[in-house]
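Q: what follows is a predicted protein model with its sequence.
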2 protein chains.
Amino acid sequence: MPLVVVGSVAIDHVETPHARRENLLGGSATHFSYAASFFTKVRLVGVVGADWPPEHTELLASRNIDTAGLHQIESGKTFTWTGRYHDNMNDRDTLAVELNVFGEFDPVLPEDYRRAKYVFLANGVPAVQLKVLSQVPGRRLAVADTMDLWINTARSDLEKLLADLDGLVLNDSEAKLMTGTENLVAAGQQVREMGPKFVVIKKGEHGAMFFSEHETYVLPAYPTEKVVDPTGAGDSFAGGMMGYLSEQDNFEPATLKTAMAYGTLTASFNVEGFGLERMQEITRDAIEERMERYRQMLSF
Amino acid sequence: MPLVVVGSVAIDHVETPHARRENLLGGSATHFSYAASFFTKVRLVGVVGADWPPEHTELLASRNIDTAGLHQIESGKTFTWTGRYHDNMNDRDTLAVELNVFGEFDPVLPEDYRRAKYVFLANGVPAVQLKVLSQVPGRRLAVADTMDLWINTARSDLEKLLADLDGLVLNDSEAKLMTGTENLVAAGQQVREMGPKFVVIKKGEHGAMFFSEHETYVLPAYPTEKVVDPTGAGDSFAGGMMGYLSEQDNFEPATLKTAMAYGTLTASFNVEGFGLERMQEITRDAIEERMERYRQMLSF
């Protein structure tokens, strides 16, 4: 089943304690699309400016990602993000954000995208996420990501969104912020009670937690020494998860848990290189090999 | 196989955001012993003062824990620790420590303890831990815990200890401190290269990592909303792990991984009450039931 993703497409400049890289292909929807493309046909909705290098579009197209929904505005510039990671490769400072054309992003889905059954709303303004949902009335599964900014400044729209979602993906600090609860097990269930049928809390190097009415579980991250650039790890997680659900065309509890595991593994590859560099080196086979080791790791 | 543990026995005063409790039975060796007692015969070596309530010894004896090695010094007072947990129930401030008789702890193992095959050195002065090891020359498996204080102040003795150990258990911040490495996968392997055949890094609510020459894996914590008092969680983890290894009387890789899981679960019960209160309510059956759920959680 094709999977529609709507969200940011960006140019990233990233500095880590070990290196600095400029003009990386970045953005939530980009990392998501690339990870999901190992599993299913992805249709990407985003906006870029006149400075957008055509080779970035070519790279996405080479993964069979449909970029008909990637709108180019010749009078503007592409969203850029500049960040610096701390020694722990987990905390980071945002050094500069230029929203540019993404600041006015008003996604209009191409006609054939509107028949999508699987939809992912990457992190963005909740009011815009709601407008996207209204364009895919026949969807079977809609999942969204969010961030602290919207929890703090657009709570009312976010609550409307939650009521309309099947799933919400957010990170641990966001779940605590949204609920005022420090215990993540309690926080996850409280977010779920705000509307979505399931909630995934991403814990970075510590894995991810899943919450539905009848299930609460945790899967650890795949242990890796090689953390080169964590940018987009959460989006790659969501991409692997949603990609697998779309491929399987169901979201039964057992499928969801396997999807969580695939998300864990696509994220584990994503962090092994700057931007999408490591992802460009791998194949579905590499993901399956790692899955085999991951399953072994968790069996005793 | 009987399991000898040497370490602190204490009176704890604990404050959490929700409650305050005084005169709890505490100490590393105590939490360890209680958790291990669900699996094997435990022989406890420690020291207490004249103020030690006999009912604490009776409680341990009721779990068939051999307290012949628990030495009472009538001229002194028992080690006490007073701590306050932050809202996240993870960070804590030590408000007061009175080492008392534990400050002069010079463990002399009873004769029959010296034939032990399984030995655990709870957190303590590395020089003392080394002296204990020399008293059990015929041991098959010796595992120790340590802490930041010894990494900072007794590095040389600690390194001697590491060369003599089969396993080391420490927490994530201690592993980073010991190696100067922020990545826990790298840190764990670096600690292992300092001597022990295996290393376990405890990550609290995020689970535990295992490192041997041929294996690196992570098991998540058992997710629980009910975190009443985290004191002794790490010791309960080690107790469940070592108790199971002693019961099985082997430490093959597969047994070690199952032992890590049992440690995870004994710790998950320990945090559900103040001191040893929750542990006193459970049976081996309760641990096995939780193990069944834990295995299900990790299979997909």
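A: Received it, and whenever you're ready, just let me know what you need.

Q: touching, A:A116 and A:T40? I think so.
A: No. When contacts are counted by C-beta atoms under 8 Å, A:A116 is not listed as touching A:T40 (11.1 Å). Quick note: C-beta positions are derived from backbone N, CA and C, even for glycine.

Q: mind listing the shared neighbours of the two?
A: Residues within reach of A:A116 and of A:T40 at once, by C-beta atoms under 8 Å, 6 or more residues apart in numbering or on different chains, are A:2-3.

Q: if you look at stretch A:84-104, does any of it touch chain B?
A: Yes. For a cut-off given as C-beta under 8 Å from any C-beta of the partner chain, stretch A:84-104 has contacts with chain B, namely A:87-89.

Q: cool, and stretch A:157-174?
A: No. Contact check for stretch A:157-174 against chain B, using C-beta under 8 Å from any C-beta: none in range, with a minimum separation of 9.8 Å.

Q: keeping just the C-alphas, turn that stretch into PDB.
A: Only the C-alpha atoms of stretch A:157-174 are listed here, as PDB (Å, rounded to 0.1, in the frame of the first residue of the first chain):
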ATOM      1  CA  ASP A 157      -5.100  22.400  17.800                       C
ATOM      2  CA  LEU A 158      -2.900  19.500  19.000                       C
ATOM      3  CA  GLU A 159      -5.700  18.200  21.100                       C
ATOM      4  CA  LYS A 160      -8.100  18.300  18.100                       C
ATOM      5  CA  LEU A 161      -5.500  16.500  16.100                       C
ATOM      6  CA  LEU A 162      -5.000  13.800  18.800                       C
ATOM      7  CA  ALA A 163      -8.800  13.100  18.700                       C
ATOM      8  CA  ASP A 164      -8.500  12.400  14.900                       C
ATOM      9  CA  LEU A 165      -5.300  10.300  14.900                       C
ATOM     10  CA  ASP A 166      -4.800   6.500  15.000                       C
ATOM     11  CA  GLY A 167      -1.300   6.900  16.400                       C
ATOM     12  CA  LEU A 168       1.000   9.500  17.800                       C
ATOM     13  CA  VAL A 169       4.800   9.300  17.900                       C
ATOM     14  CA  LEU A 170       6.700  11.600  20.200                       C
ATOM     15  CA  ASN A 171       9.900  11.500  22.300                       C
ATOM     16  CA  ASP A 172      10.300  11.000  26.000                       C
ATOM     17  CA  SER A 173      10.700  14.600  27.000                       C
ATOM     18  CA  GLU A 174       7.700  15.600  24.900                       C
END
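
Q: and stretch A:142-157, average pLDDT?
A: Confidence over stretch A:142-157, taken as the mean pLDDT, stands at 97.

Q: buried sites along that stretch?
A: With burial defined by 16 or more other C-beta atoms under 10 Å in any protein chain shown, the residues of stretch A:142-157 counted as buried are A:142-147, A:150-151, A:154, A:157.

Q: next one: stretch A:189-199
A: In terms of neighbour count (16+ other C-beta under 10 Å), stretch A:189-199 has its buried residues at A:189-192, A:194-196, A:198-199.

Q: who are the contact partners of A:D51?
A: Going by C-beta under 8 Å, 6+ apart, A:D51 touches A:11, A:77-78.

Q: apply 6 Å and report the result again.
A: Residues in contact with A:D51, defined by C-beta atoms under 6 Å, 6 or more residues apart in numbering or on different chains, are A:77-78.

Q: which one's the longest helix in chain A?
A: For chain A, the longest helix by residue count, based on DSSP state H, is helix A:253-270.

Q: next helix or strand past that helix?
A: Going down the chain from helix A:253-270, the next helix or strand is helix A:284-297, by DSSP states H and E.

Q: can you report how many residues lie near the spatially closest residue to A:K257 that is not a sequence neighbour?
A: With C-beta to C-beta, 6 or more residues apart in numbering or on different chains as the criterion, A:K257 has its nearest non-adjacent residue at 4.1 Å, and that residue is B:F300. Using other C-beta atoms under 10 Å in any protein chain shown, the number of residues around B:F300 comes to 20.

Q: measure A:E213 to A:E74 for me?
A: The gap separating A:E213 from A:E74 is 48 Å, by C-beta to C-beta, to the nearest Å.

Q: near chain B, which residues of the stretch 201-300 of chain A are found?
A: Residues of the stretch 201-300 of chain A found near chain B (C-beta under 6 Å from any C-beta of the partner chain) are A:206-207, A:216-218, A:220, A:223, A:225, A:257-258, A:261, A:297-298, A:300.

Q: actually, the stretch 1-150 of chain A.
A: Applying C-beta under 6 Å from any C-beta, we find that the stretch 1-150 of chain A lies next to chain B at A:87-88.

Q: need phi/psi at the residue in the stretch 1-150 of chain A that chain B sits nearest to.
A: For the stretch 1-150 of chain A and chain B, the shortest gap (C-beta to the nearest C-beta) falls at A:N88, measuring 4.6 Å. Per-residue torsions, A:N88: phi -80, psi 0 (degrees, to the nearest 10).

Q: next: A:E193.
A: Backbone dihedrals for A:E193, given as degrees, to the nearest 10, come out at phi -70, psi -10.

Q: tell me the pLDDT of it.
A: Reported pLDDT at A:E193 in the predicted model: 98.

Q: now it: how far from B:S62?
A: 42 Å.

Q: for A:T40, same thing?
A: Spatial separation of A:T40 from B:S62 under the definition C-beta to C-beta is 58 Å.

Q: of those two, which one has the most company?
A: In this view A:T40 and B:S62 are compared by other C-beta under 10 Å, and A:T40 has more residues nearby, 21 against 11.

Q: can you list the weak-confidence ranges in the stretch 101-250 of chain A?
A: In the predicted model, the stretch 101-250 of chain A carries no residue with pLDDT under 70.

Q: Three-state assignment for the spatially most central residue of chain A, please.
A: Residue closest to the mean C-alpha point of chain A, counted by C-alpha atoms, centre = their mean, is A:D235 at 2.4 Å. Following DSSP: H, G, I helix; E, B strand; the rest coil, we place A:D235 in the helix state.

Q: that one: what's it in contact with?
A: With C-beta under 6 Å, 6+ apart as the criterion, the residues that contact A:D235 are A:28, A:31-32.

Q: circling back: and the residues of the stretch 201-300 of chain A next to chain B, which are buried?
A: Among those, those classed as buried by 16+ other C-beta under 10 Å are A:206-207, A:216-218, A:220, A:223, A:257-258, A:261, A:297-298, A:300.

Q: no more questions from me, cheers.
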